[in-house]
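Chemist: Output the structure for:
(chains A and B)
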2 protein chains.
Amino acid sequence: MFNLCWADEGGFPAGDRGAAYGDGLFETIRMHGDQGVLLSRHLDRMVRDAGRLGIPVSLTALRKACAAATSRYAGRFMTGGASCDWVLKLTLTRGEGGRGYRPGSGIRPTLMVSAGSMPEAPLPSGVAADFSRVPLMVNPLLVGIKSLNRLEQVMAAREIEGELFEVIMSDTAGNLVEGTRTNLLLKVPGGWVTPPVKSLAVAGVLRQWVLERLRARGEYVEERAMGIGDVLGSHCQGLYLLNSVIGVVPVRSLAGQDLPGDGGLATIFNPLELLE
Amino acid sequence: MFNLCWADEGGFPAGDRGAAYGDGLFETIRMHGDQGVLLSRHLDRMVRDAGRLGIPVSLTALRKACAAATSRYAGRFMTGGASCDWVLKLTLTRGEGGRGYRPGSGIRPTLMVSAGSMPEAPLPSGVAADFSRVPLMVNPLLVGIKSLNRLEQVMAAREIEGELFEVIMSDTAGNLVEGTRTNLLLKVPGGWVTPPVKSLAVAGVLRQWVLERLRARGEYVEERAMGIGDVLGSHCQGLYLLNSVIGVVPVRSLAGQDLPGDGGLATIFNPLELLE
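Modeler: Down below sits the predicted model:
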């Protein structure tokens, strides 16, 4: 089990390995009252990826913590007596202990639980994005893990200014990988393209759900490397940003160039239908 | 200026960007009483690399914090009335604020100051090391910065077991880059070889000092990529691990193979001569 900490009661111990080395991972979950959007997928991902890092945690314990969190926080996010959406953040660290980078044995993890308001919703007509100048390096061992090592995303997010909603990061070979907080999905003639999981810094919960939904509809989805030519070339029929809190966001303009697309995919995701 | 925090008084706020994203950097400094080994180099590096991350901090403010830290902590590390060595750790984070990865403007950084005992000294006759199975990816934008994004080093340090003192990490091209907490220096006929700064996750303070000292002696030092053949081949005349707290550590055996070397370089670093 973990030490359960509430963000409104205190912070991380100075010696917590999450704060010292980013030795941990997190989930941000869109909530409506006491229910969470795609909650099982978020918790399953945390359990699986904690296991990859060697941080022991059970799904049962996480579910209990979520139940306690909704009891504690959901009432704070009401408008006119009705529930409104809020964001539950779970941060799981390896805890305190060990010497330097090397963890000791039998360390008890820390689970920090916090609640926040929803971010501002993007315009349904779409957003402006640009290419980031910060390259994204994804360690094969850590692929897809929403770990606390997010300095590259922070440095890229510093480029988001003015009307920009997002910047898209590329690997050192020039492949487009993902936004700072979103995965990419491209509409092309005959189907969809998205970068493969093995290239991703964060393998998004909404990304996986959308791919499954599209395939269930019989649509063709290809997971392959994407270049600038794919999104700014003549085959692009629409580019979407995926984030499980914000939703499916059409990109209206990229690096100053208008993108095509009717934004139709944006309606595939209805958070109220996915509450658990 | 920063918010100065003492590790023995409390921890990081739950919303601190250091704990959330590894958005910060740190120094560990070998102290003797109220003086620090290569102290100026440590503080200069922190100021320079904080600037690269866009975290404002002045050398003057850091020096004041160090003076306060020695007043607070040095007396705790005495044996029989005499000073003994201890370790001062400075962790500077971007502080609290912003929305998600994107920092807000005018955030006040956090400086967390802690004191610890010296790690166990390695045997003067040398240590055993091995190759890590964890690849090391170094973002060109973050080269050399001792940031709080150290999950790769943590994962590699989990491989350090039994008699092992260190594991050596390689990039995805197979070049040897550094240990989890040490830089590499190889003795070859006619001089020395060490991986170049542009390839390093952490550009060590002791590494730079040793290179300068060797060059001042008229010895030839080449900064170039190093492969397994360099260290396990017939040209290897000794491999050393460099860490400013621990010192210059000869490697006696690597991946089970005995390495040559008289360990002579280990005496180049006398911490008592480098106190400031």
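Chemist: Quote the end-to-end distance of stretch A:179-190.
Modeler: From its first residue to its last, stretch A:179-190 covers 24 Å (C-alpha to C-alpha, to the nearest Å).
Chemist: go on, stretch A:253-273?
Modeler: 29 Å.
Chemist: So what touches that stretch?
Modeler: A:30, A:32, A:37, A:85, A:124-126, A:128-131, A:168, A:185, A:187, A:206, A:209-210, A:213-214, A:231-232, A:236-240, A:247-252 (C-beta atoms under 8 Å, 6 or more residues apart in numbering or on different chains). For the C-beta atoms, the positions are set from N, CA and C on the backbone; glycine is no exception.
Chemist: how does it look with 7 Å?
Modeler: A:30, A:32, A:37, A:124-126, A:128-131, A:187, A:206, A:210, A:213, A:231-232, A:236-240, A:247-252 (C-beta atoms under 7 Å, 6 or more residues apart in numbering or on different chains).
Chemist: buried set for it?
Modeler: Buried residues in stretch A:253-273, counting neighbours by 16 or more other C-beta atoms under 10 Å in any protein chain shown, are found at A:254, A:259, A:261, A:263, A:265-266, A:269, A:271.
Chemist: Quick check: which of those residues has the minimum pLDDT.
Modeler: When these are compared by pLDDT, A:G263 scores lowest at 72.
Chemist: if we can go back for a sec, would you format the buried residues of stretch A:253-273 as CSV with secondary structure included?
Modeler: Compiled in CSV, the buried residues of stretch A:253-273 are given as follows (DSSP: H, G, I helix; E, B strand; the rest coil):
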residue, secondary structure
A:L254, strand
A:L259, coil
A:G261, coil
A:G263, coil
A:L265, helix
A:A266, helix
A:F269, coil
A:P271, helix
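Chemist: thinking again about what came up before, go through the contacts of stretch A:253-273 and flag which are in helices.
Modeler: A:206, A:210, A:213, A:231-232 (DSSP state H).
Chemist: Between its first and last residues, how far does stretch A:117-134 reach?
Modeler: 28 Å.
Chemist: no wait, stretch A:23-43
Modeler: End-to-end distance of stretch A:23-43 (C-alpha to C-alpha): 18 Å.
Chemist: quick one: that stretch near chain B?
Modeler: Yes - for stretch A:23-43, a contact with chain B is found by C-beta under 7 Å from any C-beta of the partner chain, at A:D23.
Chemist: what comes up buried for that stretch?
Modeler: So for stretch A:23-43, counting by 16+ other C-beta under 10 Å, buried means A:23-33, A:35-39, A:41-43.
Chemist: Next: stretch A:189-206.
Modeler: A:192-195, A:199-206.
Chemist: Any chance of TSV for those residues, columns distance to B:L53?
Modeler: What follows is these, written out as TSV (distance: C-beta to C-beta, whole Å):
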residue	distance to B:L53
A:W192	36
A:V193	34
A:T194	31
A:P195	27
A:S199	25
A:L200	24
A:A201	18
A:V202	21
A:A203	26
A:G204	26
A:V205	29
A:L206	29
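Chemist: Domain parsing of chain A, as residue ranges.
Modeler: Taking automatic domain parsing as the reference, chain A has its domains at A:3-117, A:127-268.
Chemist: Now do the helices in chain A.
Modeler: A:17-21, A:39-53, A:59-73, A:151-157, A:205-216, A:228-232.
Chemist: Tabulate the buried residues of stretch A:189-206 (a markdown table), appending distance to B:P56 and pLDDT.
Modeler: Formatted as a markdown table, the buried residues of stretch A:189-206 follow (distance: C-beta to C-beta, whole Å; pLDDT from 0 to 100):
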| residue | distance to B:P56 | pLDDT |
| --- | --- | --- |
| A:W192 | 44 | 97 |
| A:V193 | 42 | 98 |
| A:T194 | 39 | 98 |
| A:P195 | 35 | 98 |
| A:S199 | 34 | 97 |
| A:L200 | 33 | 98 |
| A:A201 | 27 | 97 |
| A:V202 | 29 | 97 |
| A:A203 | 35 | 96 |
| A:G204 | 33 | 98 |
| A:V205 | 36 | 98 |
| A:L206 | 36 | 98 |
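Chemist: Give me the nearest residue to A:L141, chain neighbours excluded.
Modeler: B:V134 (5.7 Å; C-beta to C-beta, 6 or more residues apart in numbering or on different chains).
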